[in-house]
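*Asks:* Let's see this in three dimensions:
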Amino acid sequence: MKSRKGIGLGVALVLVLGAFGYMVYGGIGENLVYFLEPPELLARGEAAYDTPVRLGGMVVPGSVVWDAESINLTFRMKGTGTETIEVHSSKAPPQMFRENMGVIVEGRLTRSGVFEASNVMVKHSNEYSPPAPGEDPHTKYRTLVQDQT
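*Replies:* Reported below is the predicted structural model:
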């Protein structure tokens, strides 16, 4: 009787370890999304193409082109270095999106050298306070935007 319990426990242990091993070496590795800056992504060479990443950096001033009619956003992004990368998105930009602001984009670098973003997020301060009674919300919004420079 004891040997059957031991065999059952051994089989269960092997199954659990096998499932864990699969997740570590197979399942999780394919689903990781790395956070990089434009120079780090470009330094990967061929490995950078068609791999899902989060790219963080600043919107280059004078590079934003937004066509609201076709919902087409294009801009250049730079990290801590001087290298820039062109970003394209088929979604409306976030309300606080503007030039010279920190952004994070999720997507893939195409072979044409354009980063196709599936999501564009702005980096902003975590210090929020609602407008005071009688204060215009638009004035509050302008101060939030000014604090980002």
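*Asks:* From here on, just use CA atoms for contacts and neighbour counts.
*Replies:* Will do.
*Asks:* Check this structure for its longest helix and report it.
*Replies:* Longest among the helix segments of the chain by residue count, using DSSP state H, is helix 2-22.
*Asks:* Report the rounded mean pLDDT for that helix.
*Replies:* The average of the pLDDT scores along helix 2-22 is 82.
*Asks:* where in the chain is pLDDT low?
*Replies:* 1-2, 24, 26-33, 124-129, 138-149 (pLDDT under 70).
*Asks:* domains in the protein, as residue ranges please.
*Replies:* 1-32, 33-126+135-146 (automatic domain parsing).
*Asks:* if you compare those domains, which one is most tucked away?
*Replies:* Highest mean neighbour count among the domains of the chain (mean count of other Cα atoms under 10 Å): domain 33-126+135-146, with a mean of 16.
*Asks:* so what does the longest helix of the chain touch, helix or strand wise?
*Replies:* Of the remaining helices and strands, none touches helix 2-22 by 3 or more Cα pairs under 8 Å, 6 or more residues apart in numbering; DSSP states H and E.
*Asks:* in this protein, which spans are strands?
*Replies:* Ranges of strands within the chain are 34-36, 53-59, 65-67, 72-78, 84-89, 102-109, 114-122, based on DSSP state E.
*Asks:* Convert stretch 44-61 to PDB, retaining C-alpha atoms only.
*Replies:* This file holds the C-alpha atoms of stretch 44-61, laid out as PDB (Å, rounded to 0.1, in the frame of the first residue of the first chain):
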ATOM      1  CA  ARG A  44      20.000  44.100 -32.000                       C
ATOM      2  CA  GLY A  45      20.200  44.000 -35.800                       C
ATOM      3  CA  GLU A  46      18.300  41.200 -37.400                       C
ATOM      4  CA  ALA A  47      16.900  40.000 -34.100                       C
ATOM      5  CA  ALA A  48      15.000  43.200 -33.600                       C
ATOM      6  CA  TYR A  49      12.700  42.700 -36.500                       C
ATOM      7  CA  ASP A  50       9.100  41.400 -35.900                       C
ATOM      8  CA  THR A  51       9.800  40.800 -32.200                       C
ATOM      9  CA  PRO A  52       7.200  42.300 -29.700                       C
ATOM     10  CA  VAL A  53       8.900  45.000 -27.500                       C
ATOM     11  CA  ARG A  54       8.000  48.100 -25.500                       C
ATOM     12  CA  LEU A  55      10.000  51.000 -26.600                       C
ATOM     13  CA  GLY A  56      10.600  54.000 -24.400                       C
ATOM     14  CA  GLY A  57      11.900  57.500 -25.200                       C
ATOM     15  CA  MET A  58      11.100  61.100 -26.100                       C
ATOM     16  CA  VAL A  59       9.000  62.400 -29.000                       C
ATOM     17  CA  VAL A  60      11.400  64.300 -31.300                       C
ATOM     18  CA  PRO A  61      10.100  67.900 -31.700                       C
END
